[in-house]
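no sequence for this one, just the structure:
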């Protein structure tokens, strides 16, 4: 994946430097890791190879966002049977621009719930996208979809995934312990080199969240304690 030993970003990211191949063995796969670990960069590269707009969207959404070009996309290859060309790349950080893009094409709004995504709350707009745009026989790439979702709406997203799981593929980069709890999903840890599968209960997302919920006062005391 690293062209001629390049040390430029994103080829300087340790997880990507050592990655030769990655197999997707389940219909729902999660990428986890700290910020800068490479999970979103790889997701964007996959979107590029699928023909999706790397600023966010599907194959027919042509608009530009600064810094949305995939520097990695040209250096990976996808191998799949059968090849699926339908789907969507959802980027939380550029969702505003995607919503603005849709407003320039009023005829497209029928596929996203019938009204401007800007006229809904951030969380409502996310769910409107998931409920109306997602269908069968497709691949969905979601980059931190929990960004605007309350815990209850994260559970609603899990229900949508469940309804489509057997006829669609989901690859999701997330920090959410709720989403990571999806049953029988494969979780790939980008904090390890090479990237390897990790149990839900072994993710830092689960460990830190559980410790906080079970020992909130102790955790906060340790966090705020003044050593002198």
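Yep, that arrived. Fair warning: this is a prediction, and the values are worked out from it, not measured in the lab. Numbering: from 1, shown residues only.

what segments of the chain are helices?
Assigned by DSSP state H, the chain shows helices spanning 14-17, 39-50, 95-103, 122-133, 151-164, 177-180, 204-214, 216-224.

and these as CSV, adding mean pLDDT, distance to residue 86 and mean neighbour count?
Bear in mind the C-beta positions are built from the backbone N, C-alpha and C, glycine included. Output for those, formatted as CSV (pLDDT from 0 to 100; distance: least, CB to CB, whole Å; neighbours: other CB atoms under 10 Å):
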stretch, mean pLDDT, distance to residue 86, mean neighbour count
helix 14-17, 80, 27, 20
helix 39-50, 90, 9, 23
helix 95-103, 65, 17, 18
helix 122-133, 76, 11, 18
helix 151-164, 93, 12, 16
helix 177-180, 97, 23, 20
helix 204-214, 96, 30, 13
helix 216-224, 94, 44, 10
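
nearest to residue 141, out of these?
helix 39-50 (5.2 Å; CB to CB).

from the contact counts, what lies against the closest one?
Counting contacts by 3 or more CB pairs under 8 Å, 6 or more residues apart in numbering; DSSP states H and E, helix 39-50 packs against helix 14-17, strand 28-32, strand 87-91, strand 138-143, strand 168-173.

10 Å instead?
Helices and strands touching helix 39-50, by 3 or more CB pairs under 10 Å, 6 or more residues apart in numbering; DSSP states H and E, are helix 14-17, strand 28-32, strand 87-91, strand 138-143, strand 168-173, strand 186-189.

got the angle between it and strand 138-143?
150 degrees (axes from the mean of the first three to the mean of the last three CA atoms, to 10 degrees).

next, the angle from helix 39-50 to strand 168-173.
Using the same axes, to 10 degrees: helix 39-50 against strand 168-173 is 140 degrees.

sorry, back to before: please identify the most buried of the helices and strands packed on helix 39-50.
A comparison of the helices and strands packed on helix 39-50 by mean neighbour count, using mean count of other CB atoms under 10 Å, puts strand 87-91 on top with a mean of 25.

tell me the average confidence for that strand?
Mean pLDDT, computed over strand 87-91, is 86.

which other helices and strands contact that strand?
Strand 87-91 packs on helix 39-50, helix 95-103, helix 122-133, strand 138-143, strand 168-173, going by 3+ CB pairs under 10 Å, 6+ apart.

redo these as a markdown table? Include distance to residue 160.
What follows is these, written out as a markdown table (distance: least, CB to CB, whole Å):
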| stretch | distance to residue 160 |
| --- | --- |
| helix 39-50 | 19 |
| helix 95-103 | 17 |
| helix 122-133 | 5 |
| strand 138-143 | 10 |
| strand 168-173 | 10 |
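
before I go, just wanted to say thanks for your time.
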